[in-house]
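Undergrad: Provided below for reference: sequence and predicted model.
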Amino acid sequence: MIIQNSYEENNLGKLYIVPTPIGNLDDMTFRAVEVLKKVDLIAAEDTRHTKKLLNHFAIHNELISYHEHNRFERIPLLLEKLRNGEQIALVSDAGMPAISDPGSELVTEAIKEELPVIVLPGANAALSALVGSGLPTEQFYFYGFLPRKKGDKEKILTQLKYLEATLIFYESPHRVSQTLQDIEKQFGERKVVVARELTKMYEQYIRGSTREVIDFIKNYPLRGECVIVIEGSTENNLQDDVWWEELSLEEHVQYYEEKQTVSHKEALKLVAKDRQISRRDVYNALHVKKND
Ligand code: SAM
């Protein structure tokens, strides 16, 4: 167990996770500017990109790159600096670091070493799109970018098909139409919202059924950055459908464990119920298979 008292005075440096605007510079918070000014070092996904933001806010501070391709070399260096008492801020190109952006591994490793991690609230495309979509917000499932390979994408959509939570995806504008067609094929008719260019001059929400939105995009091709928000599964979608049919027993158990975050024991119970077999049979089938 690790307890973090974020503002406790000690000799350790703090790792600040600092969100930056997703389009509108006015969304930079006072606190984000203050933290970026006071830290010893700013780790940035793209130093040239961040330099422009820093110039805009008259922040003259040292930058170091931290991105997808150098993160594993950078982590030990940044952790060492934190252990030596340096204050470090992490920023990505836009929005909240670690959300479909580099950052989560650094946070995990800092926590392992009991170094304080302080997250500043701020701009994030997924949450803005969800709230603006008008779809239920009580439960939501953020997937991020779907895989590009057809088979992998289909597999994920099959797994998500029965979630009752509102679904959120990031997608590049030229793939939105294809992704909506894949969603239509797997999920049938659902309410769909494409939130485009959030916080920018041409911000737009396209709200309709899957088919309506696909047809709209055919006539008005999308440009700019997009978030796709999809209504969750309703009771009607579930009726009489043997959704797990194409899953192996292992995948079926894994589905409950990973996607519904239930315990292994509970997953065995649910799988047994779906397949109308005993829990012992499920257990034995997995156990025997593992010992093969
Ligand atoms: N970390 C970011 C965040 O907190 O939202 C997300 C970074 S991810 C690499 C970039 C994706 O986020 C884009 O492809 C798009 O799907 C979404 N996105 C970012 N800015 C957006 C905006 N202004 N409007 C709509 N979607 C946006």
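TA: Sure thing, it's come through.

Undergrad: residues in the stretch 151-292 of the chain within reach of the ligand, list them.
TA: 170-172, 195-200, 225-227 (C-beta under 6 Å from any ligand atom). Backbone N, C-alpha and C define where each C-beta goes, glycine included.

Undergrad: how does it look with 5 Å?
TA: Proximity of the stretch 151-292 of the chain to the ligand, by C-beta under 5 Å from any ligand atom, involves residues 170, 198, 225, 227.

Undergrad: format these as TSV; extra columns: pLDDT, secondary structure and neighbour count.
TA: Shown next, in TSV, are those (pLDDT from 0 to 100; DSSP: H, G, I helix; E, B strand; the rest coil; neighbours: other C-beta atoms under 10 Å):
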residue	pLDDT	secondary structure	neighbour count
170	98	strand	18
198	98	coil	24
225	98	coil	20
227	98	strand	25
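
Undergrad: max pairwise distance over those residues: which two?
TA: Spanning the widest gap among these are 170 and 198, at 11.5 Å by C-beta to C-beta.

Undergrad: give me the common contacts of the two.
TA: Residues touching both residue 170 and residue 198 (C-beta atoms under 8 Å, 6 or more residues apart in numbering) are 125, 227.

Undergrad: and for residue 4, the neighbour number?
TA: 13 (other C-beta atoms under 10 Å).

Undergrad: correct me, but it touches residue 113?
TA: No. Using C-beta atoms under 8 Å, residue 4 makes no contact with residue 113, being 11.5 Å away.

Undergrad: which residues of the chain fall in helices?
TA: 30-38, 47-56, 71-83, 104-112, 125-133, 150-160, 173-187, 210-219, 235-238, 249-254, 264-275, 279-291 (DSSP state H).

Undergrad: worst average pLDDT in those?
TA: Lowest mean pLDDT of the helices of the chain: helix 235-238, a mean of 56.

Undergrad: export the residues of the stretch 151-292 of the chain next to the ligand to a markdown table and tack on distance to residue 104?
TA: As requested, these are exported to a markdown table (distance: C-beta to C-beta, whole Å):
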| residue | distance to residue 104 |
| --- | --- |
| 170 | 15 |
| 198 | 22 |
| 225 | 21 |
| 227 | 19 |
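
Undergrad: can you tell me which of the residues you listed is nearest residue 70?
TA: residue 170 (22.6 Å).
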